[in-house]
Every structure is written in C-alpha cells, then in structure tokens.
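Participant: Okay, structure incoming, though there's no sequence with it:
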Ligand code: ATP
Ligand code: MG
C-alpha cells in the first residue's frame with residue numbers, strides 16, 4: 001500500500017469541531033467590525049514579489065527568509081504567497097483609487113504564509129484578521145483601534161492580554177536616534193550575535209527587537225527612540241495616551257517596541273499574553289504614514305493592526321471557554337422505499353420552514369438509525385415508516401440527549417409538523433417567532 005500523503009509541515013487542517021469554533025469566532029468578528037464602521041475587502045493570496053519587498057522592506061525577517069516565493073512557470077514572473085495583508089490591501093486601495101472621496105476603514109481575514117520554524121503558535125500557514133484605516137492622520141484613529149481590541153477581548157471573555165505602546169516618531173527623528181544607536185552598538189560589537197551584526201548597518205533599530213536573551217542587557221542600555229521625538233510626535237503620542245486614559249484602558253510604554261516592519265511611524269502597539277509561551281503577541285499594529293507613497297500612491301496617513309487567529313483561539317480555549325456545539329434540530333430516520341421518498345419530502349419541507357434537518361442516508365435497521373440520531377446530538381428524532389407514510393404523518397420522538405426528561409413521542413400530521421416542531425424546540429417563543 002502506498003503511504004498516505006500528509007499536509008505541508010506547519011500548514012494545518014482545521015477539522016470540523018475546530019472549524020465550528022472558527023466560524024463562531026468569525027461571526028463575532030463581523031459584528032464587532034460593523035460596530036466600528038469597518039468594511040470588508042478581499043485580496044488575492046498571491047501577489048507580485050516586489051510588492052512585499054517594497055512594502056515590508058528588504059531587511060526584515062519576512063522578506064529576508066520567510067516568504068514563499070516562486071516563479072510563475074508560464075511567464076517567469078516572481079510571485080509570493082502573501083506573508084501579511086497590509087501590503088496587498090494598500091495595493092488594492094491604490095489600484096482601485098478607493099481614497100478618491102476620503103478616508104476608508106477596511107478589514108480582511110484569511111491565511112498568511114511565512115516560512116518559519118513551526119511550533120506552538122507559529123505556523124507556516126496561519127490566519128489573521130487585519131484592519132486598516134487609510135487617510136486618517138489624527139491620534140483618535142490610533143486610540144480607536146486600540147479600544148477596538150480591548151472591546152474584542154472583552155466580548156470574547158479573554159483575560160490577561162496586556163497592552164504595550166510606543167512611538168517611533170518620524171523618519172528624521174529615527175535617523176538621529178539611529179546614529180546614536182549605531183555608535184552605541186558599534187562600541188559593543190563583540191557582544192552582538194550574528195543576526196544583529198548583519199543588521200547593524202542595514203536596520204539597527206530591529207536589533208532592539210531581538211529575541212536573543214543574551215542581548216537583553218545590551219539592548220536595555222541602548223539609546224531610547226522616545227528621547228529623540230520632536231514636539232509634533234510627542235503631541236500625537238500624548239493624544240493617543242489621553243484617549244486611552246479616558247477609555248480606562250491600561251497600557252505600558254515599552255521603549256523597545258519597534259515592530260518588525262519598516263513602514264511604521266508614530267504609534268506602535270502590541271497586545272501580549274504570558275499564557276501562550278514564547279508566542280505571546282496576539283495582535284500588533286500601528287501607524288504607517290509612509291507606506292502609501294512608498295507604493296506609488298498620493299501620500300496619505302494610515303494606521304492598522306493584525307491579530308493572529310490561531311493564537312487568540314488557543315488562548316480562548318486555554319482559558320476554559322467552550323464554543324457552542326452545532327447540532328441539527330432533528331434527525332430523520334426512515335425505512336422502506338415509499339417512506340424514503342416521504343422522508344426526503346418531509347426534510348425539504350422542514351428546511352423550507354427554517355429547521356436544520358439531518359436526513360439519515362445509507363439505510364440500516366431502525367435500531368442503528370436511532371443510534372445515529374442519538375449520536376447526532378439532535379434533540380428530536382423524526383420517524384417515518386410505511387405506516388406513517390400511508391397516513392401522511394411523522395412520529396416525533398424527543399431524545400434523551402436534548403431533554404432531561406423527554407416528553408412522549410407523538411404522531412403529527414405532515415401539515416402541522418413545522419408548527420409542532422417549533423413549539424417543541426422553542427417553547428418560550430411566541431407564534432411570531434420573537435422571544
Ligand atoms: P512574531 O514576533 O511572533 O513573529 P510578527 O511581528 O512577525 O510576530 P506580525 O507580522 O506583526 O507578527 O503579525 C501580526 C500577528 O500575526 C502576530 O502578532 C501574531 O499573532 C500573528 N502571527 C505572525 N506570524 C505568525 C505565525 N507564523 N504563526 C501564527 N501566528 C502568527
Ligand atoms: Mg515573525
């Protein structure tokens with residue numbers, strides 16, 4: 001026998017039970033985004049490679065070593081599976097001139113691809129919800145995005161996610177800081193690791209972001225970007241902080257928060273938990289006023305964030321939450337040829353009336369079908385035999401799984417079945433269906 005094929009390492013199947021959790025999460029997400037006026041956008045999963053090189057920066061983990069790039073066999077174009085959504089979103093906005101009549105609040109959700117070492121909370125295909133507010137310059141939108149996150153954690157019942165913020169200032173401020181930082185790091189060159197040494201001249205700010213514990217002390221003592229901010233940058237940062245205080249959202253300023261991507265300026269923020277081990281950042285974002293012009297658009301400010309769905313759901317489950325188990329309203333069993341045809345009609349009629357009906361398919365004895373009905377978790381079994389078929393009735397049998405004390409089974413006329421089932425399943429509702 002040939003060996004069965006396996007999924008690509010680091011790319012996971014999401015099996016039905018988990019997929020139902022994902023669907024419920026996605027529903028919550030949609031309501032939450034509507035409450036803030038964000039509208040959906042869907043971009044392709046593959047983009048021309050230069051988009052990411054330009055938008056993310058050549059000297060970043062993503063572009064240096066994490067991208068799935070390949071040559072289109074037909075025309076030789078270099079293509080890349082998107083490692084994140086901001087670049088594609090901005091590309092789409094510029095391509096379709098979406099900012100022509102003012103700013104936009106947009107969101108997307110979907111798989112991202114990065115060639116990383118797979119481990120808990122770190123995958124090669126993972127999923128993000130991303131939001132981008134394009135054309136907004138003020139600190140209000142930054143604070144609103146942070147408040148959005150706080151509200152979502154609350155909606156989902158998530159605890160222990162703390163907020164860290166920082167300001168990256170503007171590029172001239174970063175340049176002055178960079179010069180001092182470089183001098184400092186050059187002085188301590190012997191202590192740098194290989195990654196840091198490589199980045200020393202290309203992107204020294206990123207060294208502050210190192211995960212190497214041996215570099216922590218060195219990094220703690222480095223010049224802090226925040227000390228280089230001018231008046232306008234500080235005013236923006238103060239504006240964000242004031243709104244966070246007004247909204248009673250606790251935060252900590254983390255001067256080492258510099259983000260992996262180079263197009264960020266001013267506000268950066270991360271939501272971090274200690275409960276997921278090393279992969280503790282569940283959401284990260286900030287301002288990227290330079291990106292739109294970097295990608296050839298008319299300069300416009302922007303702010304956004306992305307959260308990792310796998311990490312958020314892992315945390316949600318670790319904190320003891322359980323999603324709603326999805327069960328049919330009724331499981332329909334039947335036996336005999338005429339009964340089979342009647343059952344098919346009954347099932348369709350009930351679905352037209354809005355019920356979720358699992359029709360038994362594949363035959364088998366009544367007994368085995370009733371086992372399936374029990375196993376489905378449905379509160380009710382509908383039974384159709386030759387008798388019922390001849391009399392145009394259906395036997396409605398409440399199941400133990402659905403009730404502590406199941407009511408008696410009853411034969412119900414086909415025409416009254418939907419009303420009967422409704423009254424049985426939703427006894428508290430009035431006839432008009434409202435509570
Ligand atoms: P990290 O430092 O953990 O690698 P990052 O800075 O590369 O994160 P971003 O590019 O800011 O991450 O992406 C936003 C969010 O997407 C992260 O905070 C995280 O929740 C999630 N994420 C990023 N990479 C992965 C991955 N490989 N697997 C699962 N989730 C991820
Ligand atoms: Mg990363």
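Facilitator: All right, it came through fine. Keep in mind that this is a model prediction, so the values were computed, not measured. Numbers count the residues shown, from 1 in each chain. Ligands and ions are numbered 1, 2, ... in the order given.

Participant: State the helix or strand in which the residue nearest to residue 299 when sequence neighbours are not counted lies.
Facilitator: Spatial nearest neighbour of residue 299, excluding adjacent residues (Cβ to Cβ, 6 or more residues apart in numbering): residue 293 at 4.1 Å. For every residue, glycine as well, the C-beta is placed using N, CA and C. Using DSSP states H and E, residue 293 falls within helix 291-294.

Participant: what's the model's confidence in that helix, averaged?
Facilitator: Regarding helix 291-294, the rounded mean pLDDT is 93.

Participant: Can you give the contact residues for that helix?
Facilitator: Outside helix 291-294, the residues that touch it by Cβ atoms under 8 Å, 6 or more residues apart in numbering are 54-55, 86-87, 90, 93-94, 134, 263, 298-300, 302.

Participant: give me that answer again for 6 Å
Facilitator: 90, 263, 299, 300 (Cβ atoms under 6 Å, 6 or more residues apart in numbering).

Participant: Residue 275 - how many residues pack around it?
Facilitator: 15 (other Cβ atoms under 10 Å).

Participant: Next up, the contacts around it.
Facilitator: Taking Cβ under 6 Å, 6+ apart as the test, what residue 275 contacts is residue 160.

Participant: distance of it from ligand 1?
Facilitator: Residue 275 sits 13 Å away from ligand 1, going by Cβ to the nearest ligand atom, to the nearest Å.

Participant: Doesn't that residue belong to a strand?
Facilitator: No. Residue 275 is assigned coil when assessed by DSSP: H, G, I helix; E, B strand; the rest coil, not a strand.

Participant: what about burial for the contacts of helix 291-294, which qualify?
Facilitator: The neighbour count (16 or more other Cβ atoms under 10 Å) marks 90, 263, 300 as buried among those.

Participant: where's the first one, which helix or strand?
Facilitator: So the one you mean is residue 90. helix 86-95.

Participant: need the next SSE after the helix or strand of the chain with the lowest mean pLDDT, C-terminal direction.
Facilitator: Of all helical and strand segments in the chain, the minimum by mean pLDDT, DSSP states H and E falls on helix 61, at a mean of 84. Remark: after helix 61, the chain's next helix or strand is strand 68-71, criterion DSSP H and E.

Participant: Please compute how far that next one lies from its chain's middle.
Facilitator: Counting by Cα atoms, centre = their mean, to the nearest Å, strand 68-71 is centred 25 Å from the centre of its parent chain.

Participant: list the helices and strands it packs on?
Facilitator: strand 78-81 (3 or more Cβ pairs under 6 Å, 6 or more residues apart in numbering; DSSP states H and E).

Participant: what packs against the strand it packs on?
Facilitator: Strand 78-81 packs on helix 49-56, strand 68-71, going by 3+ Cβ pairs under 6 Å, 6+ apart.

Participant: neighbouring strands for it, and are they parallel or not?
Facilitator: Using DSSP bridges, strand 78-81 pairs in its sheet with strand 46-48 (antiparallel), strand 68-71 (antiparallel).

Participant: Sort out which residues of that strand are buried, please.
Facilitator: Using 16+ other Cβ under 10 Å as the test for burial, strand 78-81 gives 79, 80, 81.

Participant: Also stretch 113-122?
Facilitator: 113, 114, 116, 118, 121, 122.

Participant: so how many other residues sit close to residue 35?
Facilitator: Residue 35: 12 neighbours (other Cβ under 10 Å).

Participant: still on that earlier bit, to the chain's geometric centre, what's the distance from the helix holding residue 90?
Facilitator: 19 Å.

Participant: quick one on the thing from earlier: can you tell me which of the helices and strands packed on strand 78-81 is most buried?
Facilitator: helix 49-56 (a mean of 19; mean count of other Cβ atoms under 10 Å).

Participant: now it: mean pLDDT?
Facilitator: The pLDDT scores in helix 49-56 average 92.

Participant: Could you name the helices and strands sitting against that helix?
Facilitator: strand 78-81, helix 86-95.

Participant: Distance check, residue 288 against ligand 1.
Facilitator: Going from residue 288 to ligand 1 by Cβ to the nearest ligand atom gives 12 Å.

Participant: My read is that that residue contacts residue 263, right?
Facilitator: Yes. Between residue 288 and residue 263 there is a contact at 4.4 Å, judged by Cβ atoms under 6 Å.

Participant: Close to ligand 1: what parts of the stretch 1-150 of the chain are there?
Facilitator: 84, 114, 116, 121, 122, 123, 126, 128 (Cβ under 6 Å from any ligand atom).

Participant: First residue to last residue on stretch 347-365, what's the distance there?
Facilitator: 19 Å (Cα to Cα, to the nearest Å).

Participant: Which positions within it qualify as buried?
Facilitator: Of the residues in stretch 347-365, those buried (16+ other Cβ under 10 Å) are 347, 350, 355, 357, 358, 359, 360.

Participant: what comes into contact with it?
Facilitator: In contact with stretch 347-365 (Cβ under 6 Å, 6+ apart) are residues 328, 329, 330, 331, 332, 333, 369, 376, 418.

Participant: confidence score at the last one?
Facilitator: The confidence metric pLDDT takes the value 97 at residue 418.

Participant: Following element in sequence after the helix ranked longest in the chain, please.
Facilitator: Among the segments of the chain that qualify as a helix by DSSP state H, the longest is helix 16-35. Scanning forward in sequence from helix 16-35 by DSSP H and E, the next helix or strand is strand 39-40.

Participant: Thanks a lot, see you next time.
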